[in-house]
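In: structure for the following, please:
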Amino acid sequence: MEAIIFVGLQASGKSSFYREKFIDTHIRINLDMLKTRHREKILFNACLEAKQPFVIDNTNPTIADRSRYIEPAKAKGFKIIGYYFQPNLEECKR
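Out: Take a look at the predicted model:
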């Protein structure tokens, strides 16, 4: 069971990387799609309970942002993997 957490600015390639590497194996949890933290938490908890691998596809810039996923996932026995997306600032601005 894997909990994958992406870290990076908008337009840094996180969602494209998800589609290339994880679309067939991991549920994508993304605030842009879900719109509220409440909906995000429901899907996140469902993945934990079902032992379903997932990817957190948000910017996750701070330790606190990442901790909200890491601690509960660790408690359920998930392997935590982080990906940092080095931004190309000019690309992100566009």
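In: end-to-end on stretch 55-72?
Out: Stretch 55-72 has its terminal residues 14 Å apart, counting by C-alpha to C-alpha, to the nearest Å.
In: report the backbone C-alpha coordinates of the helix or strand harbouring residue 32 in CSV.
Out: Take DSSP states H and E as the rule and residue 32 turns out to sit in helix 31-34. Written as CSV, here are the backbone C-alpha positions of helix 31-34 (Å, rounded to 0.1, in the frame of the first residue of the first chain):
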residue,chain,number,x,y,z
LEU,A,31,-8.6,19.6,-4.2
ASP,A,32,-9.1,21.1,-7.7
MET,A,33,-11.5,18.3,-8.5
LEU,A,34,-13.0,17.7,-5.1
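In: packing partners for that helix?
Out: Applying 3 or more C-beta pairs under 8 Å, 6 or more residues apart in numbering; DSSP states H and E, we find helix 31-34 packed against helix 37-50. For glycine as for every other residue, the C-beta is placed from the backbone atoms N, C-alpha and C.
In: who are the packing partners of the helix or strand following the helix it packs on?
Out: Helices and strands here follow DSSP H and E; after helix 37-50, the next one along the chain is strand 54-56. With contacts defined as 3+ C-beta pairs under 8 Å, 6+ apart, the packing partners of strand 54-56 are strand 2-7, strand 27-29, helix 37-50.
In: and of these, who's closest to residue 60?
Out: In terms of C-beta to C-beta, the element of those nearest to residue 60 is strand 2-7, at 4.7 Å.
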